[in-house]
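Novice: model the following, please.
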Amino acid sequence: MTLACWWRTAAVCTFAVASGAAATIDYPAIENPHSLVLADSGAASRWRALFEPTPTWVSRQIAYLSWKVPEKAPTLLSARLLYQGDPWTRRVTDSTNERRWNASNIETRSAVLREIRWTRDPV
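Specialist: A predicted model of the protein is given here:
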């Protein structure tokens, strides 16, 4: 486990404890983000947008998800933060630029960490 991966895992655990959401995190869904099903179509499209090769308005997408589906927010944020795979493509023939994906992946993870940091303790 690399140091960066350890820090991300520690951030997720801290988020779960601080928000009192330890019971609401769906750990199998974190392992397989494709399995997450959101009833709201707007939230579902924003969730998929976070895995695109070049996502747009990442901070707004994350804020929308936290606001629209607060009960699943800890799982969604944790799943995206710990995601290690390739970008989600719509077609088999879609190709991605590895360098661009790495840059957008770092931007998305940073936005997730900012959202976790700004989550207030209910106490």
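
Novice: quick check, pLDDT for the closest residue to residue 68 other than its chain neighbours.
Specialist: Once flanking residues are discounted, residue 68 sits nearest to residue 43: 4.7 Å by CB to CB, 6 or more residues apart in numbering. From N, CA and C alone the C-beta is placed, and that goes for glycine too. Listed pLDDT for residue 43 reads 95.

Novice: residue contacts, residue 43?
Specialist: Neighbouring residues of residue 43 by CB atoms under 8 Å, 6 or more residues apart in numbering: 64-65, 68-69.

Novice: rerun that using 6 Å as the cut-off
Specialist: Counting by CB atoms under 6 Å, 6 or more residues apart in numbering, residue 43 touches 65, 68-69.

Novice: those, buried ones only, as a ChimeraX selection?
Specialist: Restricted to buried positions by 16 or more other CB atoms under 10 Å, the ChimeraX selection for these reads:
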select :65,69
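
Novice: with residue 115 as the reference, measure out to residue 47.
Specialist: With distances taken as CB to CB, to the nearest Å, residue 47 is found 14 Å from residue 115.

Novice: those two - which one has more neighbours?
Specialist: residue 47 (24 against 20; other CB atoms under 10 Å).
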